[in-house]
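Student: Prediction below, plus the sequence it came from.
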2 protein chains.
Amino acid sequence: MADGVEVVPARRGRAIRLGAGQALRVVNTHGSQVVDTWAFIAHDMDEFLSMPHLHATLGGIFPVVGQPLHTNRRRPILLLEEDTSPGRHDTVIAACDMHRYALLGCRDYHDNCTDNLHAALAAIGLRSAVTPAPLNLWMNIPIGADGRIAWAEPLSRPGDHVTLRAALDCVVVLSCCPQDMIPINGAACTPTEVHFEVLG
Amino acid sequence: MADGVEVVPARRGRAIRLGAGQALRVVNTHGSQVVDTWAFIAHDMDEFLSMPHLHATLGGIFPVVGQPLHTNRRRPILLLEEDTSPGRHDTVIAACDMHRYALLGCRDYHDNCTDNLHAALAAIGLRSAVTPAPLNLWMNIPIGADGRIAWAEPLSRPGDHVTLRAALDCVVVLSCCPQDMIPINGAACTPTEVHFEVLG
């Protein structure tokens, strides 16, 4: 890996501070890993990237290259600058949590993106009172005309990446989704690491 | 109107306490009014009806008669017991707020569902630190295969109603959406009152 490339380990999360104008490249190293992604205003954790607000400002449920991503106060916080994948990212499904795995039949603790979010923030001294709905990079949730959803495998390939440029000073959190009970991270149900790089 | 029928005035909100087992009938009196709807656990405002979590538990974006509606802890809080309308309710769009109207070109204060939520809660002595994504009854947001959304008129008719039965002691908030700058409340862009009744 090149200088400056860092890892988000499989099943774990990382929080990354970005100054306005800096960009974050997220690489789907092994090709089929879903990355739950959040962004918070650095000095005000009550303002964050918000999918329900984004749907209105964007006029759609899929992020569009060249278009901003908005907060719960409808301000651009990130710009989707580049996406080498087919662009299927989920914006309607909540982060997995212990309740999700319990409903799937898991009786012990299971790693989950909600806990990853809060642990990653704590690791850099921050706290969020809420778990906003994440931008689920590469998560493939087809929605039928009847409104039914499917849990499909990612359409991305190894090395596909997205570049998110900060419009405001912010903190981005990435979580390698530890879902291994359904094939949302590929048919092998094997969560993997991803890599990221902060660009000037 | 029958005994026990109450009004949510046009452009306003109302908070209603429901004991577990009680039901709330919401009537689209004039036929094309969108009603932003929230539900909170009565003794713990941090647990609430959550659309991103509901999408996962429901396996779809449209509520289904006979199916429960879930909280951010994935517990059933309400059951959609009856729906006389075609069943097109929105679950992906945030409540309108002052930022939404500013982006639409409104320079003065505009009534909005976010403020209605917090005012309605305050009127019965409650407070929520957040504005969850609402269940937007009768709001018609078609989503194309390409993910683009449209802001369409409601498919409901005068007198259509839904009945929501409480699975847990909860507080439901209804807001008659004051959107009059786009035809989401019908072609006339005229927000109206709706009626509701608490059933045993």
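Tutor: Good, I have the coordinates. Bear in mind that the values here come from a model prediction, so they are computed numbers and not experimental data.
Student: Show me what the one helix or strand A:His161 maps to is packed against.
Tutor: Element membership for A:His161 (DSSP states H and E) is strand A:160-166. Contacts defined by 3 or more Cβ pairs under 8 Å, 6 or more residues apart in numbering or on different chains; DSSP states H and E place strand A:160-166 against strand A:23-28, strand A:35-41, strand A:76-83. All C-beta atoms are positioned from the backbone trio N, CA, C, and that covers glycine.
Student: Mean pLDDT and mean neighbour count for those - can I get that in JSON lines?
Tutor: Shown next, in JSON lines, are the helices and strands packed on strand A:160-166 (pLDDT from 0 to 100; neighbours: other Cβ atoms under 10 Å in any protein chain shown):
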{"stretch": "strand A:23-28", "mean pLDDT": "98", "mean neighbour count": "21"}
{"stretch": "strand A:35-41", "mean pLDDT": "98", "mean neighbour count": "25"}
{"stretch": "strand A:76-83", "mean pLDDT": "98", "mean neighbour count": "20"}
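Student: looking at these, which is closest to A:His118?
Tutor: Each of the helices and strands packed on strand A:160-166 has some distance to A:His118 by Cβ to Cβ; the shortest is strand A:35-41, at 10.4 Å.
Student: what are the pairing partners of the closest one, and which direction each?
Tutor: strand A:44-48 (antiparallel), strand A:135-137 (antiparallel), strand A:170-176 (antiparallel) (DSSP bridges).
Student: who in chain A is up against chain B?
Tutor: Taking Cβ under 8 Å from any Cβ of the partner chain as the criterion, chain A approaches chain B at residues A:50-53, A:55-57, A:59-62, A:72-75, A:92-94, A:97, A:99-100, A:103, A:129-131, A:133, A:143, A:145-149.
Student: From these, which land in helices?
Tutor: The subset of these located in helices under the criterion DSSP state H comprises A:Met51, A:Pro52, A:His53, A:His55, A:Ala56, A:Thr57, A:His99, A:Arg100, A:Leu103.
Student: Tabulate these (JSON lines), appending neighbour count, distance to B:Ala15 and pLDDT.
Tutor: Formatted as JSON lines, those follow (neighbours: other Cβ atoms under 10 Å in any protein chain shown; distance: Cβ to Cβ, whole Å; pLDDT from 0 to 100):
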{"residue": "A:Met51", "neighbour count": "27", "distance to B:Ala15": "25", "pLDDT": "98"}
{"residue": "A:Pro52", "neighbour count": "24", "distance to B:Ala15": "21", "pLDDT": "98"}
{"residue": "A:His53", "neighbour count": "27", "distance to B:Ala15": "23", "pLDDT": "98"}
{"residue": "A:His55", "neighbour count": "24", "distance to B:Ala15": "26", "pLDDT": "98"}
{"residue": "A:Ala56", "neighbour count": "21", "distance to B:Ala15": "24", "pLDDT": "98"}
{"residue": "A:Thr57", "neighbour count": "20", "distance to B:Ala15": "28", "pLDDT": "97"}
{"residue": "A:His99", "neighbour count": "19", "distance to B:Ala15": "26", "pLDDT": "97"}
{"residue": "A:Arg100", "neighbour count": "22", "distance to B:Ala15": "29", "pLDDT": "97"}
{"residue": "A:Leu103", "neighbour count": "12", "distance to B:Ala15": "29", "pLDDT": "96"}
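Student: I'd assumed A:Leu155 was in contact with A:Arg88.
Tutor: Yes. At 5.1 Å, A:Arg88 counts as touching A:Leu155 under the criterion of Cβ atoms under 8 Å.
Student: what touches both of the two?
Tutor: Shared contacts of A:Arg88 and A:Leu155, defined by Cβ atoms under 8 Å, 6 or more residues apart in numbering or on different chains, are found at A:Trp138, A:Asn140.
Student: follow-up on the earlier one: who's in contact with the strand holding A:His161?
Tutor: In contact with strand A:160-166 (Cβ under 8 Å, 6+ apart) are residues A:18-28, A:31, A:37, A:39, A:69, A:77-85, A:89, A:137-138, A:172, A:199.
Student: before we move on, back to that, ok, which of the strands paired with strand A:35-41 comes nearest A:Ala123?
Tutor: Here strand A:170-176 is closest among the strands paired with strand A:35-41 (Cβ to Cβ), at 10.0 Å.
Student: Tabulate the CA atom coordinates of the closest one in CSV.
Tutor: Provided in CSV are the C-alpha atoms of strand A:170-176 (Å, rounded to 0.1, in the frame of the first residue of the first chain):
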residue,chain,number,x,y,z
CYS,A,170,-16.0,17.1,9.8
VAL,A,171,-15.4,13.7,11.3
VAL,A,172,-16.1,10.7,9.1
VAL,A,173,-16.6,7.3,10.6
LEU,A,174,-16.2,4.1,8.6
SER,A,175,-17.4,0.7,9.8
CYS,A,176,-16.6,-2.5,8.0
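Student: and that strand, how far from the chain's centre?
Tutor: Chain-centre distance of strand A:170-176: 7 Å, with Cα atoms, centre = their mean, to the nearest Å.
Student: how far off strand A:160-166 does it point, in degrees?
Tutor: Put simply, strand A:170-176 runs at 160 degrees to strand A:160-166, going by axes from the mean of the first three to the mean of the last three Cα atoms, to 10 degrees.
Student: Determine how far the helix or strand that strand A:170-176 is followed by lies from the middle of the whole chain.
Tutor: Downstream of strand A:170-176, the next assigned helix or strand under DSSP H and E is strand A:194-199. Relative to its chain's centre, strand A:194-199 lies at 13 Å (Cα atoms, centre = their mean).
Student: what's stretch A:189-199 in contact with?
Tutor: The contact list for stretch A:189-199 (Cβ under 8 Å, 6+ apart) reads A:1-2, A:4-11, A:14, A:16, A:18, A:22-30, A:32-33, A:35, A:163, A:174, A:176-183, A:185.
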